[in-house]
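A.B. asks: model the following, please.
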Amino acid sequence: MSAQEKMAGPREHHKIVIVGGGTAGISVAHRLMRAIGQVGIAIIEPSSKHYYQPLWTLVGAGICPKEESERDEYSLIPTGVKWIKNHVTDVKPGENYVRLQSGEEISYDYLVMAPGLQIDWHNVKGLPEALGKNGVCSNYSYALVHKTWEFITRLNNGTALFTQPNTPVKCGGAPQKIAYLAEDHFVIRGVRDKINMIFASANPSIFSVKKYATSLTKVLERKNIETMFRQDLTEIDGEAKRATFQNLDSGETTVINYDLLHVTPPMSAPDFIKKSELADSAGWVDVNKNSLQHNRFDNVFALGDCSNLPTSKTGAAIRKQSPIVVANLISQMRHEPLNAQYNGYTSCPLVTGYNSLILAEFDYDLNPQESFPFDQSEERYSMYIFKKDILPQMYWHGMMKGLM
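C.D. replies: Numbering: from 1, shown residues only. Purely as a prediction, here's the structure:
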């Protein structure tokens, strides 16, 4: 028995425990409170701040301050739900409890897993040391997202390099969006012809849905952004400004000298999930892709970035997953069939410049599932305004209250 296990006293019990107080956990909590009231719901979340992360692309492009993306966590948790401000370090689904960093153990009747994913900066050699210096930046860090804009405005000539890793990431379109916005800024400043732009992605193409990939390929051609596919960033020499990539097909390495490097880091399921019985072979929470119920533990559900659902990890996906989890969890509690079904819907608002956006919406089968009565693969100013001004309001006042 470990020292941490010896510390654990009598277990605190809740009817429903939600692990994670991010987009997924908060929206589920609100929906549960409205549907079944105060049955004994707890959220386990260590962070005191919550961030609307889709805004960070616009922060990195100088469109808005990062502070607009921040809210106090306590202001989002519904009244009647207990907030346990701690880290989960272990999950024991066979025994119906989770263990906290403090050594405490919290037992449950039903468990909702929504802790998101973790960013593995350390999996690119030299990246942690290089971040925020010598032109190396990333929109995936609240602490350093302002550096992206700083380095973009400083660049007058040379090579601007943008990467996408060989892992699932939050918002699969974000790595390319900042490249399009940077290119627009270089044009506005009159330095575009002095800057070589490269988008290096571990993916086999610019986008997984053919309809939107066709449009994005035209954007890349118009903006004269060079693409390198199946190239995974493995190492950075920050002082020398050199980035090393491995070709995922041939294994060969390529070194690129850069002046600005925007890195989308590798990401994975949180370590405590990887080592638990909840995980599939890749480390993600193993759930039925339609019911969102765990494939081995009937009283466990999962949604959002921590799950192994074969769709893009976006807030838009969570918006559709949240009501499915709540409906099926309540059905499970009542010993009724789980009839709510998720079809894999997700959305990627692909900003292609300071006044244009392609709104990609699609399902598990990569079929477009568009919300508006026009061709969303076309770049539109109206969709850019939708992303910049309307979606944040929908997020804070609708989605984060479980109203949409």
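A.B. asks: what's the span of stretch 262-278 from first residue to last?
C.D. replies: The separation between the terminal residues of stretch 262-278, taken as CA to CA, to the nearest Å, is 34 Å.
A.B. asks: skipping adjacent residues, who's closest to the residue nearest the centre of the chain in space?
C.D. replies: Most central in the chain under CA atoms, centre = their mean is K170, positioned 2.3 Å from the mean C-alpha point. Spatially, and ignoring its direct neighbours in sequence, K170 is nearest to K313 (5.4 Å; CB to CB, 6 or more residues apart in numbering). The way it works is simple: take the backbone N, C-alpha and C, and place the C-beta from them, glycine included.
A.B. asks: from E252, how far off is the one you found?
C.D. replies: 29 Å (CB to CB, to the nearest Å).
A.B. asks: quick one, which of the two is more surrounded?
C.D. replies: Neighbours per residue, other CB atoms under 10 Å: of K313 and E252, the larger number sits with K313, 20 against 9.
A.B. asks: would you mind measuring from that one to L303?
C.D. replies: Relative to L303, and taking CB to CB, K313 is found at 11 Å.
A.B. asks: just G158 next, same as before
C.D. replies: G158 is 43 Å from L303, by CB to CB.
A.B. asks: for these two, indicate the residue with more neighbours.
C.D. replies: L303 (28 against 16).
A.B. asks: all helices of this protein, in order?
C.D. replies: Secondary structure of the chain by DSSP state H: the helices cover 3-7, 23-36, 56-60, 127-130, 145-154, 174-189, 210-223, 271-274, 315-333, 381-385, 391-397.
A.B. asks: got those helices as CSV, with distance to E239 and mean neighbour count columns?
C.D. replies: Formatted as CSV, these follow (distance: least, CB to CB, whole Å; neighbours: other CB atoms under 10 Å):
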stretch, distance to E239, mean neighbour count
helix 3-7, 40, 11
helix 23-36, 38, 23
helix 56-60, 23, 25
helix 127-130, 8, 18
helix 145-154, 16, 19
helix 174-189, 23, 22
helix 210-223, 30, 16
helix 271-274, 30, 18
helix 315-333, 37, 22
helix 381-385, 38, 16
helix 391-397, 38, 15
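A.B. asks: out of those, nearest to S102?
C.D. replies: With CB to CB as the criterion, S102 lies closest to helix 3-7 of those, at 7.8 Å.
A.B. asks: and stretch 350-366, which residues are buried?
C.D. replies: Neighbour counts over stretch 350-366 (16 or more other CB atoms under 10 Å) mark 350-354, 356-363 as buried.
A.B. asks: scratch that, stretch 34-47 is what I was asking about
C.D. replies: Those would be I36, I41, A42, I43, I44, E45, for stretch 34-47 by 16+ other CB under 10 Å.
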